[in-house]
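Undergrad: Pasting the sequence and the predicted model now:
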Amino acid sequence: MAFWLIKSEPDAFSWDEQVANVVEPWTGVRNHQAKKNLAAMQVGDRAFFYHSNVQRAIVGVVEVVRAAYPDPTAESGAWVCVDVKAVAPMPTPVTLAQIKAEPALEELALVRQSRLSVCPVSADHWQMLCQMGGWKEGR
DNA sequence: GCCAACGTTGGC
DNA sequence: GCCAACGTTGGC
């Protein structure tokens, strides 16, 4: 199982909406690097749900429930999306400031390439971020 | 195929 | 609101 981080501007699509909709197609990605990451996702993979812009924090965890398929919002058919399901909110949101303050996380794609909207997260980083957010598996 | 100009994203 | 980073476009 792999781990990811997906970004959304809360003004456009927030964690609250994700929770309300339960399963949501993650569409609108128009970046080749991000597309590559989407295409690599498998059902059962987990991803942090990150609020960019106004909040800048990891606010929840989602699970991939459908692997990459053509993004219906792209007429060209050249882009892909996945379906994600809300798992649970982060007990304590992990802010970007906290992440940047942690030397062990400086390699995180989120930090290194801030404009990438779908980033991979290593298992080690995943665990560390879960710990920082007070995440208990199996809740 | 190179590179300058421009647009977009996202942190501050 | 500003600016840096990055992607895309278009002229040559």
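TA: Looks like it arrived, so ask away. Numbering: from 1, shown residues only, chains lettered A, B, ... in the order given.
Undergrad: Any residues of chain A in contact with DNA strand C? List them.
TA: Contact residues, chain A versus DNA strand C (Cβ under 7 Å from any atom of the strand): A:31-33, A:113, A:115. Backbone N, C-alpha and C define where each C-beta goes, glycine included.
Undergrad: Flag the shaky bits of chain A, pLDDT-wise.
TA: The model of chain A has pLDDT under 70 over residues A:138-139.
Undergrad: the helices in it, which residues?
TA: Ranges of helices in chain A, per DSSP state H, are A:15-21, A:32-40, A:96-101, A:109-112, A:123-132.
Undergrad: Mean neighbour count and distance to residue A:46 for those helices - can I get that in TSV?
TA: Shown next, in TSV, are the helices of chain A (neighbours: other Cβ atoms under 10 Å; distance: least, Cβ to Cβ, whole Å):
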stretch	mean neighbour count	distance to residue A:46
helix A:15-21	16	14
helix A:32-40	17	14
helix A:96-101	15	17
helix A:109-112	16	15
helix A:123-132	17	8
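Undergrad: Tell me the residues of chain A that contact DNA strand B?
TA: A:7, A:9, A:52-53, A:56, A:96-97, A:100, A:110, A:114-117.
Undergrad: Closest to residue A:71 out of those residues?
TA: Taking Cβ to Cβ as the measure, residue A:71 lies nearest residue A:117 of the residues of chain A next to DNA strand B, at 13.2 Å.
Undergrad: Just list whatever residues bridge to the nearest residue to the closest one once chain neighbours are set aside.
TA: Counting by Cβ to Cβ, 6 or more residues apart in numbering, residue A:7 is the residue found nearest to residue A:117 once chain neighbours are left out, at 4.6 Å. Residues in a beta bridge with residue A:7, per DSSP bridges, are residue A:50.
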